[in-house]
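Asker: I'd like to go over a predicted model; first the sequence, then the structure.
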Amino acid sequence: MKIATDLLPCLKDAVMELLTIEIATQEDKDLLLALLPRFNARVVIQTQSPKPKSPFIQIAEEIAAKGGITSISDPSEWQREIRSWDRFLDGREE
């Protein structure tokens, strides 16, 4: 089938653009993907954003980035000391 380019001037000088779009829900993503053919568009690369880190992980990473906990000179000794404070459960011995 031959297409007369003078009838389709918009295709003759078409410029493709690449957009990055963040979508919050699966329903919105499905709707957008269904609309792509209507706009003569396609998915080039599809990636997923990493899940947000928990507040604990964020704080631990901030502490590590600042050099860690400098008040503990020997972590192994600190751990032994902390564990020495543990209580034994009733009916159990060392």
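Answerer: Sure, I can see it.

Asker: Where in the chain is the helix or strand with the lowest mean pLDDT?
Answerer: helix 9-12 (a mean of 53; mean pLDDT, DSSP states H and E).

Asker: For Lys66, give me its contacts.
Answerer: By CB atoms under 8 Å, 6 or more residues apart in numbering, the contact list for Lys66 is empty. Every residue, glycine included, has its C-beta placed from N, CA and C.

Asker: From Ile59, how far off is it?
Answerer: 11 Å (CB to CB, to the nearest Å).

Asker: same thing with Glu22?
Answerer: 26 Å.

Asker: Looking at the two, which one has more neighbours?
Answerer: Ile59 (11 against 5; other CB atoms under 10 Å).

Asker: Give me the contact list for the helix or strand harbouring that one.
Answerer: Per DSSP states H and E: Ile59 is located in helix 55-65. By CB under 8 Å, 6+ apart, the surrounding residues in contact with helix 55-65 are Lys53, Ile69.

Asker: let's see 6 Å
Answerer: Helix 55-65 has contacts (CB atoms under 6 Å, 6 or more residues apart in numbering) with no other residue.

Asker: where does the protein dip in pLDDT?
Answerer: Scanning the chain for pLDDT under 70 picks out 1-14, 93-94.

Asker: At the geometric centre of it, which residue do we find?
Answerer: By CA atoms, centre = their mean, the chain has its centre lying nearest to Pro50, at 1.4 Å.

Asker: For that residue, list the residues it contacts.
Answerer: Applying CB under 6 Å, 6+ apart, no residues contact Pro50.

Asker: For it, give me phi and psi.
Answerer: phi -70, psi 150 (degrees, to the nearest 10).

Asker: and it, how far is that from Leu32?
Answerer: Taking CB to CB, one finds Pro50 at 21 Å from Leu32.

Asker: do you know how far Lys53 is from Glu62?
Answerer: 11 Å.

Asker: Assign Lys29 to one of the three secondary structure states.
Answerer: helix (DSSP: H, G, I helix; E, B strand; the rest coil).
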